[in-house]
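Peer 1: what follows is a predicted structure for the sequence shown.
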Amino acid sequence: MTRRVLVVRLDGAGDVVLAGPAVRAAAAAPGAEVTLLCGPDGAAAGRLLPGVRRVLVWSSPWVIAPAPPVTAADVDDIVARLAAQTFDEAVVLTSFHQSPLPTALLLRLAGIPRITGASVDYPGSLLDVRLRPGEDLHEDLPEPDRALAIAAAAGFDLPPGDDGRLAVRRPPAVGPLLGPLSGRPYAVVHPGAAVPARRWPAQHHRRTVRLLARAGLPAVVTGGAGERELTAAVAGDDGLDLGGRTDLAQLTGVLAGASALVVGNTGAAHLAAAVGTPVVSLFAPVVPAVRWRPYGVPHVLLGDQHAPCRDSRARICPVPGHPCLARITPEQVLGAVRRLGAVPADEGPVKEGTP
């Protein structure tokens, strides 16, 4: 008998990738058929996750930024769409700063009889299974572990042999995109991020591309369609500019073939982890690194994690000069790539930051 399970993660691509182990846990239950409800920025990532049968997309007014207006018509539409699926239960995945209760209200209106979530607030009749952050749920869990804990409370556990790491479906071949770099060692430099507070200066990225090329490890520069000017400036004459030329699946393929990725705290870091590529993480401390650093792969974390912006969740850096990231030098990044073993060094590779 089919067990129709809805897993909810209403955020962007990176958060959806981090929810992957919890999705696999739900999909491993006998008879389970998993639908993922996510925001528009997470839909492409959701379609890459093993265990997802279908993806539903909705722009949540309490998650999306900038937020769409709240309208009765929009609420009625999503409730009707969910009701039409006749789900047996739902698991609402949230970060520590989010409440599952607005989502649970919609799910209850859609007739879903069993709902699980983690809520510090009294849930009333909105949740059937409730984890209390700080009591049932440790505050400083990495996001994949937090999601797995919520899924486990609902009765979903990873199957034997699943190590709980991030994973995506087999990426497509990307040789034609890589051109002369196809089959050769290369690094990926991904200079963009969803919000300015998480971006390392473009001129530092450009010099890093040059340093990598001189060290014998050419760089592929990646970014979305709206970042073509940025990726062209970063690639310069030394890197291969793929800005705006890949969809998310193709980006995953490019990352899968890379020796290392240089990136801020953004979705590409988690895609790299999902294909086992080491990461140099340029991590602004506006959110806790313990929760969102690259998961399950060798990585080096750079950035002042005790800067004044720490835990502020700021979208624009509140400290003049953006010192938590701007003080990282391209030479330090090259050194981190060396320590991950992607560029030959006198000493052996050091796999720092492995969880």
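Peer 2: Looks like it came in fine.
Peer 1: which strand or helix spans residue 43?
Peer 2: In the assignment (DSSP states H and E), residue 43 maps to helix 43-46.
Peer 1: quick one: strands adjacent to whichever helix or strand comes after that helix?
Peer 2: Later in the chain than helix 43-46, the nearest helix or strand by DSSP H and E is strand 52-57. Neighbouring strands of strand 52-57 in its sheet, by DSSP bridges, are strand 32-38 (parallel).
Peer 1: pLDDT of the partner strand, averaged?
Peer 2: Regarding strand 32-38, the rounded mean pLDDT is 98.
Peer 1: got a list of contacts for that strand?
Peer 2: 2-11, 16, 23, 26-27, 45-46, 49, 51-58, 82, 85, 87, 156 (C-beta atoms under 8 Å, 6 or more residues apart in numbering). Just so you know, the C-beta spots here come from the backbone N, C-alpha and C atoms, and that holds for glycine as well.
Peer 1: and residue 290, what is it in contact with?
Peer 2: So residue 290 contacts 140, 142 (C-beta under 8 Å, 6+ apart).
Peer 1: likewise for residue 243?
Peer 2: 221-224, 227-228, 230-232, 235 are the contacts of residue 243 under C-beta under 8 Å, 6+ apart.
Peer 1: closest to residue 77 among the residues you listed?
Peer 2: Nearest to residue 77 out of those is residue 224 (C-beta to C-beta; 27.8 Å).
Peer 1: can you tell me the number of residues neighbouring the closest one?
Peer 2: As a burial measure, residue 224 scores 19 neighbours (other C-beta atoms under 10 Å).
Peer 1: that one contacts residue 242, doesn't it?
Peer 2: No - contact criterion C-beta atoms under 8 Å: residue 224 and residue 242 do not qualify, at 10.6 Å.
Peer 1: out of the contacts of residue 243, who's the most crowded?
Peer 2: residue 222 (30 neighbours).
Peer 1: where's the helix or strand bottoming out on mean pLDDT in the chain relative to the chain centroid, distance-wise?
Peer 2: None of the helices or strands of the chain scores lower by mean pLDDT, DSSP states H and E than helix 323-326, at a mean of 90. What separates the centre of helix 323-326 from the centre of its chain is 22 Å, taken as C-alpha atoms, centre = their mean, to the nearest Å.
Peer 1: now do stretch 206-219
Peer 2: On C-alpha atoms, centre = their mean, the centre of stretch 206-219 falls 26 Å from the chain's centre.
Peer 1: avg pLDDT for that stretch?
Peer 2: Mean predicted lDDT for stretch 206-219 stands at 97.
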